[in-house]
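# Fold the following and give me the result.
(chains A, B, C and D)
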2 protein chains.
Amino acid sequence: MRVTKEQMAEHRRRILEAAGRLFREKGFEAVTVAEVMQAAGLTHGGFYGHFKSKDELIAQTLEQIRTVHPEGATLADYAAGYLTEAHRDEHAGGCSFAALGGDTIRQSPEARAAMTERLRRQIARLTALAPGRTEAEKRKAALAGWSAMVGALVLARISDDPELSRELLDGTRDRIAKAQ
Amino acid sequence: MRVTKEQMAEHRRRILEAAGRLFREKGFEAVTVAEVMQAAGLTHGGFYGHFKSKDELIAQTLEQIRTVHPEGATLADYAAGYLTEAHRDEHAGGCSFAALGGDTIRQSPEARAAMTERLRRQIARLTALAPGRTEAEKRKAALAGWSAMVGALVLARISDDPELSRELLDGTRDRIAKAQ
DNA sequence: ACCTAAAGATGATCGCGATCATGTATCTTG
DNA sequence: CAAGATACATGATCGCGATCATCTTTAGGT
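Okay, here's the model as predicted:
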């Protein structure tokens, strides 16, 4: 059954959105094409009308993924919004660097390039919020701060001990605030 | 063909060692049982004499993995040894948190527990090196410092731009040194 | 030395998942 | 409004990988 141009665009959007959530939740390998399509409300067959392959889906998903960014005027504010238990427990909608960073290294060059581009944008965003007199100082603070945030979230997710997990979030949050 | 008890123990050691390297290099899912056995110099059939399943292999691998730790008397020294381009490029023998952190979250509770235990030990090790007057201060510095190191390594590995990659390593190294 | 059971090799099995082939409905264009 | 194209559904295909069955060899206890 054929469908409106708008319908098709909407379907494509849904596929990418579902893929974004599923990949972050279960990793690239563990998610099947059929699963993505079902989550998008379609069946597996139509997939190859939208994408050449699963690899292409991965790359395009990484290009379009949009996450909600914490609000705030400083790097410390950003960290406070990022390093929460809610974010730690929300894989599907959360930070894609924390959820997919390790996996992305082993994907296609296109996927890797998309992530690098997003990383660049994220550093730029944080540089504007970071403390420091010079641009170089700000940038350095942004690079180190972002590394710390992503690392803390990854480690906090690993820990099956809630206390240790919280310590990681809190410790990093405080450290970034102190450096402010 | 039956084999000496010592031979068998040695084989088991080799399997775990090969698994440790392969998992860090390619992730849990992408590595096959046959591949691990071949890397250990055996054939796939013998695997189930040593382990009940691939899941058990994963958990036991995470329990026994040993990585070379940077030397040094301070957290800054440790970070300087950890945040190198050589380490960034050496997935198979490098830090398992950076290589497998994201993946481990989706593994069995046993695997997760093994990682948590190793995380605990690592934090303890770093607490001894960390700056601070009180034990609590040292621990906080260790938690935040370790998060920053792991995050920086993950992000540095993502970046396909060597310059950005180096900035991440250097920025985090300097930040940890400054906090010393 | 002799028997028994274990360790590993070889060769299935079995299900799953990416991808493709074909059918069907309906949008789109002239 | 008819003809053609196309988006999606349904139903293969095909290879791969985890796991199991069986065979061979020989360590280890007696």
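
# For chain A, which residue gets nearest to DNA strand D?
residue A:45 (1.9 Å; CB to the nearest atom of the strand). For glycine as for every other residue, the C-beta is placed from the backbone atoms N, C-alpha and C.

# Residue A:15 against residue A:35, yeah?
No - under the criterion of CB atoms under 8 Å, residue A:15 is not in contact with residue A:35, lying 11.3 Å apart.

# what's the single longest helix in chain A?
helix A:135-158 (DSSP state H).

# buried stuff in stretch A:2-11?
Buried residues in stretch A:2-11, counting neighbours by 16 or more other CB atoms under 10 Å in any protein chain shown, are found at residue A:11.

# Give me the distance from it to the chain's centre.
Relative to the centre of its chain, stretch A:2-11 is centred 27 Å away, using CA atoms, centre = their mean, to the nearest Å.

# Please name the residues that touch residue A:143.
A:123, B:167, B:168, B:171, B:172 (CB atoms under 8 Å, 6 or more residues apart in numbering or on different chains).

# Relative to residue B:73, which of those is nearest.
Among these, residue B:172 lies closest to residue B:73 (CB to CB), at 19.5 Å.

# Name the residues that touch the one helix or strand that closest one maps to?
Here residue B:172, judged by DSSP states H and E, is contained in helix B:162-179. With CB under 8 Å, 6+ apart as the test, helix B:162-179 has contacts from A:116, A:119-120, A:123, A:139-141, A:143-144, A:147-148, A:175, A:179, B:75-76, B:79-80, B:83-85, B:88, B:131, B:141, B:145, B:148-149, B:151-153, B:155-157, B:159.

# and residue A:172, how many residues sit next to it?
Burial of residue A:172 is recorded as 30 neighbouring residues (other CB atoms under 10 Å in any protein chain shown).

# Same check on the one 4 residues further on?
Using other CB under 10 Å, residue A:176 has 30 other residues around it.

# Kindly report the same for residue A:134.
Residues near residue A:134, counting by other CB under 10 Å, number 8.

# got a pLDDT number for it?
The model reports residue A:134 with a pLDDT of 97.

# wouldn't residue A:97 be in contact with residue A:116 here?
No - counting by CB under 8 Å, residue A:97 does not reach residue A:116; the two are 11.0 Å apart.

# The two: which has the busier surroundings?
Between residue A:97 and residue A:116, counted using other CB under 10 Å, residue A:97 has the larger neighbour count: 26 against 19.

# so what's the nearest residue to the more buried one once chain neighbours are set aside up against?
Once flanking residues are discounted, residue A:97 sits nearest to residue A:150: 5.0 Å by CB to CB, 6 or more residues apart in numbering or on different chains. Taking CB under 8 Å, 6+ apart, we find residue A:150 in contact with A:95, A:97, A:98, A:101, B:151, B:154, B:155.

# now those residues in TSV, with distance to DNA strand D?
Formatted as TSV, those follow (distance: CB to the nearest atom of the strand, whole Å):
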residue	distance to DNA strand D
A:95	29
A:97	27
A:98	26
A:101	23
B:151	29
B:154	24
B:155	29
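
# For those residues, pick the one with the most neighbours.
Among the contacts of residue A:150, the one with the most neighbours (other CB under 10 Å) is residue B:151, at 31 neighbours.

# Grab the nearest non-local neighbour of that one.
Nearest residue to residue B:151, sequence neighbours excluded (CB to CB, 6+ apart): residue A:151, at 2.5 Å.

# can you tell me how far residue A:174 sits from residue A:132?
For residue A:174, the distance to residue A:132 (CB to CB, to the nearest Å) stands at 19 Å.

# Likewise for residue A:85?
Separation of residue A:85 from residue A:132 (CB to CB): 30 Å.

# The two: which has the busier surroundings?
Ranked by neighbour count (other CB under 10 Å), residue A:85 and residue A:132 place residue A:132 first, with 15 against 12.

# Now do the same for the closest residue to that one other than its chain neighbours: its pLDDT.
Distances taken as CB to CB, 6+ apart place residue A:138 nearest to residue A:132, at 4.0 Å, with adjacent residues excluded. pLDDT for residue A:138: 97.

# Over to the one 4 residues further on?
pLDDT, residue A:142: 98.

# My guess is it contacts residue A:121. True?
No - here residue A:142 does not reach residue A:121: they are 11.6 Å apart, not a contact under CB under 8 Å.

# For those two, work out which one has more neighbours and name it.
Taking neighbours as other CB under 10 Å, residue A:142 and residue A:121 compare with residue A:142 leading, 25 against 10.

# Contact partners for that one?
A:75, A:123, A:126, A:127, A:129, A:130.

# and if you look at residue A:119?
Taking CB under 8 Å, 6+ apart, we find residue A:119 in contact with A:97, B:155, B:158, B:159, B:164.

# Pull out the buried positions in whichever strand or helix holds it.
Assigned by DSSP H and E, residue A:119 belongs to helix A:109-129. Along helix A:109-129, these residues count as buried under the neighbour rule (16+ other CB under 10 Å): A:111-116, A:118-119, A:122-123, A:126-127, A:129.

# Tell me the confidence at residue A:180?
On pLDDT, residue A:180 comes in at 80.

# Just give the number of residues close to it.
Look at residue A:180: counted by other CB under 10 Å, it has 14 neighbours.

# Then residue A:93?
Residue A:93 has 14 nearby residues by other CB under 10 Å.

# and it, which of the three is it?
What DSSP: H, G, I helix; E, B strand; the rest coil gives for residue A:93 is coil.
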